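Enquirer: Sharing a model prediction with you, sequence too.
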Amino acid sequence: MQNELIQLTGDVRRKPITAPGGDREKINLDAVRERLATSRGKQMWRSLDELAGTPEFARYVEDDFPDRAGLLSVDRRSFLKLAGASLALAGVAGCARQPQEKIVPFVKKPEQLIHGVPLQFATSQVFGGYARGVLVRSNEGRPTKIEGNPDHPASLGATDVWMQADVLQMYDPDRSTSVLNFGEVSSWDQFVRAMNAALAQQRRTRGAGLRIVSETITSPVLADQMAALLRRFPQARWYRHDPVSPDNARAGARLALGQDVDTIYRFDRARRILSLDSEFLLGDPGSVRYARDFSQRKRVRLGRSAMNRMYVVESSVTITGAKARTTACR
Amino acid sequence: MPQIFHSSTNTLSRVSIIAAAVAPLALIMAGSQISRSYPQRVNVPINQPVPFSHEHHVNELGIACQYCHHSVEKSSQATVPPTETCMSCHSQIWTNSPLLEPVRESYRTGIPIKWKKVNDLPDFVYFNHSIHITKGIPCQHCHGNINQMQITYKPQPFFMAWCLDCHRAPEKYMRPRDQVYNFAYDWKAAAERYFEQTGRDNAQLPRSQREFGELLTKDYHVNKKQLSDCWICHR
């Protein structure tokens, strides 16, 4: 039975492309070469048949199921054998015992975790150096979804694309899962040991060889730790670099007010808005809040009949420009 | 010529004719019974890494189910307790028992104990503990008298028909919520207490478990109409 089955299925297997009955037409290689020589640009083909454009090939391509002739050629007896075997074997699948599964509980259960019920954590997502309040859903310890924190003034329960996408960072295959030393996997112990040795050396020179590069830090804790470090190593330097940063806006504020300030816009109070190349509806740490305040003022309610009005001057097309009453774009 | 066959052969032949007719039927029925329950390992105690006894811990020591299966009221899964829970007692008592060595080892090494799953639905069936517990379905109905099991086994095979038997008429088995963990349930006493708690008139006490259950389905807002729809269990 087994052998027969194999033979039968062997029969059904795909046949080379030939017209049933008829002999294969020979491919005229000379004609092919000539066609290739006179055609221009790149020529792609997957078989000589295709290249030569033989009638068999054209038939093969046109036919939806080119191999079905083989299936039909099974005779009645073989067909019954196959059908019988299929029928007999169909039941076998249902007879399997379920494999023995295991329950593997924690050794020490994390507090508050209930298996099968997601936990919500209030935390923050840093954007352009500023923390924005978010709620993260965690299923069995794995963060799966980020939503805005309704109690946070920069979110009010809403999110933007950056916040939504932030959860993917956790599963980024490029994310380092261990300490690396010149590309070699190392450990935290070794990191601390190497660090302590280097710092002991720096202490002698009061940090003259110590340079730190970081993004903008707005966390008070981290800023305080940085200040403490610089107090201990007065000669050390701290450089800040952000790929995209509001440095120009800060410089402008310094020009206008004579001191370092960050601007917080009150779109909930503005009746006229002029935006000069500022994409405050999407690219700013406060965008989520700004978008809400801006649209609230666009709504006509009982007791308020006037909408806010925005004028945008911008050098490229932005979301903010699309919302403007008048946009000048060069 | 003497008779070759004794007269009793008549009966014998009749019996054998009937037997021949009945035997295949009986064989098929026996076979189907075995093939239905044998793969399910019903009533077969499962060898666990630690011979944990519910009889001992629940019946004799009186530990509540939720102390160990703490998520059973809140989650789809009841889960088995972490090693820590066992050690809350066994770091003090029976600390030298060789039977408990795997527990101590797990606590020392941080490697969990791997319990064998006793009750196991196919993965294409959705099940949820919390809804059953909050609607007053007792552990006992599904897990049998587990408080008397030395080694845990499953008392019945969890066929679909068995789930549906209740889903079509849950009033047959429903209890007040606080009776879910009770293994010596008496519906009359429970009904009287329930009437007292809810301030009902004792003159209307139900006359059977079924009547009591019907009252509970109303009180617990059980949506009987959709309970036997396929999507409830196959999602």
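Expert: Happy to help now that I have it. Numbering: from 1, shown residues only, chains lettered A, B, ... in the order given.
Enquirer: residues contacting the residue lying farthest from the centre of chain A?
Expert: Distance from the centre of chain A peaks at A:Arg77, with 56.3 Å (CA atoms, centre = their mean). Listed by CB atoms under 8 Å, 6 or more residues apart in numbering or on different chains, A:Arg77 has no contact partners. Just so you know, the C-beta spots here come from the backbone N, C-alpha and C atoms, and that holds for glycine as well.
Enquirer: Equivalent analysis for B:Val118, please.
Expert: Counting by CB under 8 Å, 6+ apart, B:Val118 touches B:46, B:152-154.
Enquirer: Show me the contact partners of the lengthiest helix in chain A.
Expert: Counting by DSSP state H, the longest helix found in chain A is helix A:188-204. Helix A:188-204 has contacts (CB under 8 Å, 6+ apart) with A:179, A:181, A:208-210, A:233, A:236.
Enquirer: Send over it as PDB, restricted to the C-alpha atoms.
Expert: Output in PDB follows, covering the C-alpha atoms of helix A:188-204 (Å, rounded to 0.1, in the frame of the first residue of the first chain):
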ATOM      1  CA  TRP A 188      27.800  45.000  35.000                       C
ATOM      2  CA  ASP A 189      30.300  43.800  37.600                       C
ATOM      3  CA  GLN A 190      33.100  44.300  35.100                       C
ATOM      4  CA  PHE A 191      31.700  47.600  34.000                       C
ATOM      5  CA  VAL A 192      31.700  48.900  37.600                       C
ATOM      6  CA  ARG A 193      35.200  47.600  38.200                       C
ATOM      7  CA  ALA A 194      36.600  49.300  35.000                       C
ATOM      8  CA  MET A 195      34.700  52.400  35.800                       C
ATOM      9  CA  ASN A 196      36.000  52.600  39.400                       C
ATOM     10  CA  ALA A 197      39.600  52.200  38.100                       C
ATOM     11  CA  ALA A 198      39.200  55.000  35.500                       C
ATOM     12  CA  LEU A 199      37.500  57.300  38.100                       C
ATOM     13  CA  ALA A 200      40.300  56.700  40.600                       C
ATOM     14  CA  GLN A 201      42.700  58.000  38.000                       C
ATOM     15  CA  GLN A 202      40.500  61.000  37.200                       C
ATOM     16  CA  ARG A 203      40.400  62.000  40.900                       C
ATOM     17  CA  ARG A 204      44.100  62.800  40.800                       C
END
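Enquirer: and the next helix or strand after that helix, how far out from the chain's middle?
Expert: The helix or strand immediately downstream of helix A:188-204 is strand A:211-214, counting by DSSP states H and E. How far strand A:211-214 lies from its chain's middle: 28 Å, per CA atoms, centre = their mean, to the nearest Å.
Enquirer: What pairs with strand A:211-214, parallel or antiparallel?
Expert: strand A:237-240 (parallel) (DSSP bridges).
Enquirer: Using PDB, list the CA coordinates for the partner strand.
Expert: Extracted in PDB, the C-alpha atoms of strand A:237-240 (Å, rounded to 0.1, in the frame of the first residue of the first chain):
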ATOM      1  CA  ARG A 237      33.000  68.800  31.000                       C
ATOM      2  CA  TRP A 238      29.500  67.900  30.200                       C
ATOM      3  CA  TYR A 239      28.300  68.300  26.600                       C
ATOM      4  CA  ARG A 240      24.800  68.100  25.500                       C
END
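Enquirer: model confidence over it, on average?
Expert: The average pLDDT for strand A:237-240 rounds to 92.
Enquirer: does A:Phe267 really touch A:Gly286, like I thought?
Expert: No - the criterion here is CB atoms under 8 Å, and A:Phe267 misses it with A:Gly286 at 9.5 Å.
Enquirer: shared neighbours of these two, anything?
Expert: Counting by CB under 8 Å, 6+ apart, the residues touching both A:Phe267 and A:Gly286 are A:Phe280.
Enquirer: Low-confidence regions, chain B specifically.
Expert: B:1-2, B:34-39 (pLDDT under 70).
Enquirer: in it, which spans are strands?
Expert: Ranges of strands in chain B, per DSSP state E, are B:115-116.
Enquirer: any chance you could map the helices in it?
Expert: So, for chain B - with DSSP H - the helices run B:8-37, B:54, B:65-68, B:83-90, B:101-109, B:129-134, B:139-143, B:160-168, B:187-197, B:209-219, B:230-233.
Enquirer: Mind putting these into TSV with distance to B:Val118 and mean neighbour count?
Expert: As requested, those are exported to TSV (distance: least, CB to CB, whole Å; neighbours: other CB atoms under 10 Å in any protein chain shown):
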stretch	distance to B:Val118	mean neighbour count
helix B:8-37	15	10
helix B:54	11	19
helix B:65-68	14	16
helix B:83-90	18	18
helix B:101-109	17	16
helix B:129-134	15	17
helix B:139-143	9	20
helix B:160-168	16	14
helix B:187-197	28	15
helix B:209-219	28	18
helix B:230-233	20	12
